[in-house]
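> From the sequence below, what's the structure:
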Amino acid sequence: MQHVYVEPVPKGRWGPVEGYTVEFQDGTRVSQEVYRSEILAVSESKLRGYVPLLATVRVTDKAVAGHWQAAEDLLEQN
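Residues are numbered from 1 along each chain as shown. You can find the predicted model right below:
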């Protein structure tokens with residue numbers, strides 16, 4: 001299964017997170033929807049057959065493995 005990235009929006013800015021998008025490695029979106037929570041974005045990703053990765057930092061870089069963690073790991077902690 002292919003990995004997808006749950007990105008906080010707005011991208012590259014500090015301040016409050018307004019929602020989350022789901023993107024492929026190259027930055028294209030899986031869907032144009034902006035999800036209200038990480039859980040909704042993860043659920044939608046799984047329904048589409050992808051393996052979601054959640055950001056562990058606010059300003060993300062998909063090339064840096066340390067910026068991402070498997071969704072199952074973070075959701076189990078809550």
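
> how close does the spatially closest residue to Gly49 that is not a sequence neighbour get to Arg48?
Residue nearest to Gly49 in three dimensions, not counting chain neighbours: Met1, with 6.2 Å by CB to CB, 6 or more residues apart in numbering. All C-beta spots, glycine's among them, are computed from the backbone N, C-alpha and C. With distances taken as CB to CB, to the nearest Å, Met1 is found 10 Å from Arg48.

> now the farthest one out in this protein, which residue is it?
Centroid-distance maximum for the chain: Gly15 at 17.4 Å, with CA atoms, centre = their mean.

> How about the secondary structure of it?
coil (DSSP: H, G, I helix; E, B strand; the rest coil).

> longest helix of the protein?
helix 38-47 (DSSP state H).

> quick one: buried residues of it?
For helix 38-47, burial by neighbour count (16 or more other CB atoms under 10 Å) applies to Glu38, Leu40, Ala41, Val42, Glu44, Ser45.

> need the contact list for Ala55.
Tyr5, Val6, Glu7, Pro8, His67, Trp68 (CB atoms under 8 Å, 6 or more residues apart in numbering).

> Neighbours of the nearest residue to His3 once chain neighbours are set aside, how many?
Residue nearest to His3 in three dimensions, not counting chain neighbours: Val51, with 5.1 Å by CB to CB, 6+ apart. Counted with other CB atoms under 10 Å, the neighbours of Val51 add up to 14.

> List the contacts of Val51.
Val51 neighbours (CB under 8 Å, 6+ apart): Met1, Gln2, His3, Val4, Ser45, Ala70, Ala71.

> now, among these, which is nearest to Gln25?
His3 (7.2 Å; CB to CB).

> For this structure, just list every one of the helices.
38-47, 71-77.

> Export these as a markdown table, with columns for mean pLDDT and distance to Gly19.
Below are the helices of the chain laid out as a markdown table (pLDDT from 0 to 100; distance: least, CB to CB, whole Å):
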| stretch | mean pLDDT | distance to Gly19 |
| --- | --- | --- |
| helix 38-47 | 94 | 8 |
| helix 71-77 | 66 | 16 |
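
> Tabulate those (TSV), appending distance to Ala63.
TSV is the format used below for the helices of the chain (distance: least, CB to CB, whole Å):
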stretch	distance to Ala63
helix 38-47	20
helix 71-77	19
